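*Asks:* predicted model and sequence below, questions to follow.
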Amino acid sequence: MGGQDQQVDGGEDIITASQAVTLWGLFRERVRRCPDAIAYRDYDYTKRVWRDHSWRKISERVDRFRAALALANLKPNDRVAILLPNGSDWACLDIAAHGSGLVVVGLYPHDTVASNAYLLGHSDARLVLLDSAARWTALSSRRSEFPSLEIVWISELERGFAPRSTGLVIRGLADVLADITEPPSPHSVKPTDLATLIYTSGTTGRPKGVMLSHFALLWNAQGSGALIPPLRNDVFLSILPLAHAFERTVGHYLPMIGGSTVAYGRSPQGLAEDLVAIRPTAMLGVPLLFERICSSIRAEVTDNYLTRTLLRIASGVGWCRFIARQQGRRAGLPVELLWPLLKQAVAAPVLAGLGGRLRVAVSGGAPLDQGVARMLMGLGVPVVEGYGLTEAAPVVAANRLDDNLPGSVGRPLDGVEVKLGQNDELLVRSPSMMTGYWKDSERTHQALDAAGWLSTGDIAEFRDDGRIVIRGRLTEMLVLSIGEKINPIVVEGQITRDPLFEQAMVVGDRRPFLTAIVVLNAKEWEIFAAEKGLDPGQPNRQANKIELLAKITSLLAGLPRYAQIRALHLTLQPWTIEGGLLTPTLKIKREMIAPLFAKEIDDFYVRR
């Protein structure tokens, strides 16, 4: 594999990158080693039960997919798109494509029709597997944007569905797989061959198609496993979209390396039920997921002063214990005496609500709010932060469970190099680096220099102990007309720590001060308005704004004066992926939101 395998202490079941060689080789070796172990778990909506799939059964279904792909007359390196919610068929087609020499393009089910149509066209996908006839009907209205597409497989094809005449082969997946027997011989794939196009979220401009090889994905999965080894008895809860690099590498290939089970969550709305039903030992999430978990915990004690106080004391005492353990010392007698009582009364129910056996929860994709981190870690939730980019396949650095410093993203993976460039931009060089952007050599050369250093666009700081701290994005920094620079994500994170504020976008570039557009949580707003005697139906009345601005000011008390919010506009309409205002990884699209509130933003500054 072009270098020594990183050490992964997960036991004899670990498959190294050199043993696997390719992603197809990884799968075949896993099937050989433990054919009857549980590979995947998903929910049967018809029977309303969770069902298990052994590696042997998955191998049989993968062979059916491979045979179907052969009958589709696809050539090596053709692109195959997957537009499904996470599930065993997503995994099966991904694996089958790798065994057929094809390139997988993951699409986001919650993304807009326009975005998915663009990705189908930009990738020149010849085949797409999607979940429903309704999904295809919506996409087909933009048929001219993806002329290379020839074959459509629909997972749940309703009876009587009559597609428009589009010159495509459109079939239900059950029919596609029904009459297939013997699969073809696996295609000969090299480690350096292109395995997938993973599209960046595109917070500004069009998404870029990141080209990743079999080697890059395997190397990165193994490197991640050196920090958090996957175990045979692990159950990974899959929540993030498999189209995302973080979930693909760490939530799909890493469990395969260790022989772990992956259970596919039903939806974000059903997360609380899924946690109790699945009882995961490992899960990946973006900061918003952990913020919502904190909000749910707080919501349980909103109406009771005693339980609110106990929660605050328990998380504080637990945080002291956590810091002491990380420093290799005892927390002190008062803390040690209090903790057993607080653990039983407060922490234990919280951990039971997360399934009761979670051994690691990894947060990535954006900085984790430190208030959220302290609360969860104080209650015993084993959260670690990491950092990565799609272009690096994706993990660059991460904390370890036994060496965890909240606020940092840990140390680089063994074999990954980092340094600071101009304006303290983090530069990365990794064996798992992308080969470039699909059909975009100009942006490839802008991102990767001749020596292989990737410009991340992130502002970083190196601690003396080798840890990396991310300070913000170069492209998102606001420069006030008074000369001060502010990272809006930090300010927005402080605001949305309070459950009253669902979302926030800070404005102020080339302006004299900061203002904000804030989405209120409807339920919390009703409670707050009732307590203050405000009119909940008109959040932008002056009296309402005065109260809410005062609350935001208190939340930002620890920030410099120039980082305070001077004016705000309030809305009860959440920003969504479907509305085109969030990326599939739930980051706000500033360039899309700002025009919607252009008048309100201008008024902030004209009036002053």
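*Replies:* Thanks, I have it.

*Asks:* can you tell me what sits against the helix or strand of the chain with the lowest mean pLDDT?
*Replies:* Across the helices and strands of the chain, the lowest-confidence element by mean pLDDT, DSSP states H and E is strand 485-486, at a mean of 81. By Cβ atoms under 8 Å, 6 or more residues apart in numbering, the list of residues contacting strand 485-486 from outside reads M477, L478, V479, L480, V506, G508, L514, Y562, A563. The C-beta positions use only the backbone N, C-alpha and C, and glycine is treated the same way.

*Asks:* from those, list the buried ones, please.
*Replies:* Neighbour counting by 16 or more other Cβ atoms under 10 Å classes M477, L478, L480, V506, G508, L514, A563 among the contacts of strand 485-486 as buried.

*Asks:* how many neighbours does the closest residue to W219 other than its chain neighbours have?
*Replies:* With Cβ to Cβ, 6 or more residues apart in numbering as the criterion, W219 has its nearest non-adjacent residue at 4.5 Å, and that residue is S432. Burial of S432 is recorded as 27 neighbouring residues (other Cβ atoms under 10 Å).

*Asks:* mind listing the strands for the stretch 301-450 of the chain?
*Replies:* Along the stretch 301-450 of the chain, the stretches classed as strands by DSSP state E, counting those that start in this stretch are 360-363, 383-388, 395-398, 411-412, 417-420, 425-429, 436-437.

*Asks:* who does the fifth one pair up with?
*Replies:* Which is strand 417-420. strand 425-429 (antiparallel) (DSSP bridges).

*Asks:* what angle separates the strand it pairs with from strand 383-388?
*Replies:* Orientation note: strand 425-429 sits at an angle of 80 degrees relative to strand 383-388 (axes from the mean of the first three to the mean of the last three Cα atoms, to 10 degrees).

*Asks:* and strand 425-429, how far out from the chain's middle?
*Replies:* Computed by Cα atoms, centre = their mean, to the nearest Å, the separation of strand 425-429 from the middle of its chain amounts to 21 Å.

*Asks:* neighbouring contacts of that strand?
*Replies:* Residues outside strand 425-429 that contact it (Cβ under 8 Å, 6+ apart): 389, 392, 396, 416-421, 451-460, 468, 470, 474.

*Asks:* swap the cut-off to 7 Å and go again
*Replies:* The list of residues contacting strand 425-429 from outside it, by Cβ atoms under 7 Å, 6 or more residues apart in numbering, reads 392, 396, 416-421, 452-460, 474.

*Asks:* identify the residues contacting the next helix or strand after the least confident helix or strand of the chain?
*Replies:* Tracing the chain C-terminally past strand 485-486 and defining elements by DSSP states H and E, one meets helix 488-495 next. Outside of helix 488-495, the residues within contact range by Cβ under 7 Å, 6+ apart are 367, 369, 472, 476, 478, 501, 504-506, 514, 516, 518, 552, 555-556, 559, 563.

*Asks:* stretch 225-238 too?
*Replies:* Contacts of stretch 225-238 (Cβ under 7 Å, 6+ apart): 6-11, 13, 86, 247, 251, 254-255, 257-265, 274, 278-283, 360, 398, 400, 414.

*Asks:* list the contacts for G285?
*Replies:* Shown in contact with G285 (Cβ under 7 Å, 6+ apart): I239, L240, A361, S363.

*Asks:* one more time with 6 Å
*Replies:* For G285, the contacting residues are S363, taking Cβ atoms under 6 Å, 6 or more residues apart in numbering as the criterion.

*Asks:* same question for the one 10 residues further on.
*Replies:* With contacts defined as Cβ under 6 Å, 6+ apart, the neighbours of S295 are P499.

*Asks:* for the stretch 501-608 of the chain, what spans make up the helices?
*Replies:* Here the stretch 501-608 of the chain has its helices, by DSSP state H, counting those that start in this stretch, at 522-532, 542-555, 590-596, 598-606.

*Asks:* so which of the ones you listed comes closest to L217?
*Replies:* Across the helices of the stretch 501-608 of the chain, the minimum distance to L217, taken as Cβ to Cβ, is reached by helix 590-596, at 30.6 Å.

*Asks:* report the backbone C-alpha coordinates of that closest one in CSV.
*Replies:* Only the C-alpha atoms of helix 590-596 are listed here, as CSV (Å, rounded to 0.1, in the frame of the first residue of the first chain):
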residue,chain,number,x,y,z
ARG,A,590,-24.6,32.9,4.0
GLU,A,591,-24.7,33.9,0.4
MET,A,592,-28.3,32.6,0.1
ILE,A,593,-29.6,33.9,3.4
ALA,A,594,-28.2,37.4,3.2
PRO,A,595,-30.3,38.4,0.1
LEU,A,596,-33.5,37.3,1.8
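
*Asks:* list the buried ones in that helix?
*Replies:* Neighbour-count burial for helix 590-596 flags R590, I593 (criterion: 16+ other Cβ under 10 Å).

*Asks:* do the same with stretch 16-29
*Replies:* Residues of stretch 16-29 classed as buried by neighbour count (16+ other Cβ under 10 Å): T16, A17, A20, V21, T22, L23, W24, G25, L26, F27, R28, E29.

*Asks:* which strand in the chain runs the most residues?
*Replies:* In the chain, with assignment by DSSP state E, the single longest strand is strand 454-462.

*Asks:* how about residues contacting the longest helix along the chain?
*Replies:* Longest helix of the chain, by residue count under DSSP state H: helix 305-326. Counting by Cβ under 6 Å, 6+ apart, helix 305-326 makes contact with 301, 331, 335, 338-339, 342, 346-347, 374-375, 377-379, all of which sit outside it.

*Asks:* tell me the one among the buried ones among the contacts of strand 485-486 nearest to L289.
*Replies:* Here the nearest of the buried ones among the contacts of strand 485-486 to L289, counting by Cβ to Cβ, is V506; it sits at 22.0 Å.

*Asks:* okay but the closest one is in contact with A516, surely?
*Replies:* Yes: under the criterion of Cβ atoms under 6 Å, V506 makes contact with A516 at 5.1 Å.

*Asks:* and stretch 545-563, what's buried?
*Replies:* Applying a neighbour-count criterion of 16+ other Cβ under 10 Å, the buried positions in stretch 545-563 are K545, E547, L548, L549, I552, L555, L556, A563.

*Asks:* let me see the contact set for L338.
*Replies:* The contact partners of L338, taken as Cβ under 6 Å, 6+ apart, are V317.

*Asks:* that older thread, between the buried ones among the contacts of strand 485-486, which is closest to G353?
*Replies:* Nearest to G353, judged by Cβ to Cβ, of the buried ones among the contacts of strand 485-486 is V506 at 32.6 Å.

*Asks:* ok, for the closest one, nearest residue in space, not its chain neighbours?
*Replies:* Among residues not flanking V506 along the chain, P488 sits closest, at 3.9 Å (Cβ to Cβ, 6+ apart).

*Asks:* same check on D175?
*Replies:* Once flanking residues are discounted, D175 sits nearest to L157: 7.9 Å by Cβ to Cβ, 6+ apart.

*Asks:* wait, isn't that neighbour in contact with L173?
*Replies:* No: counting by Cβ under 6 Å, L173 is not a contact partner of L157; they are 7.4 Å apart.

*Asks:* how does the protein divide into domains?
*Replies:* Segmentation of the chain into domains, based on automatic domain parsing, reads 19-189, 478-606.

*Asks:* re earlier: could I get the contacts of helix 305-326 in JSON lines, plus columns for pLDDT?
*Replies:* Written out in JSON lines, the entries for those read as follows (pLDDT from 0 to 100):
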{"residue": "V301", "pLDDT": "80"}
{"residue": "A331", "pLDDT": "86"}
{"residue": "V335", "pLDDT": "90"}
{"residue": "L338", "pLDDT": "93"}
{"residue": "W339", "pLDDT": "94"}
{"residue": "L342", "pLDDT": "94"}
{"residue": "V346", "pLDDT": "94"}
{"residue": "A347", "pLDDT": "95"}
{"residue": "R374", "pLDDT": "92"}
{"residue": "M375", "pLDDT": "94"}
{"residue": "M377", "pLDDT": "95"}
{"residue": "G378", "pLDDT": "96"}
{"residue": "L379", "pLDDT": "96"}
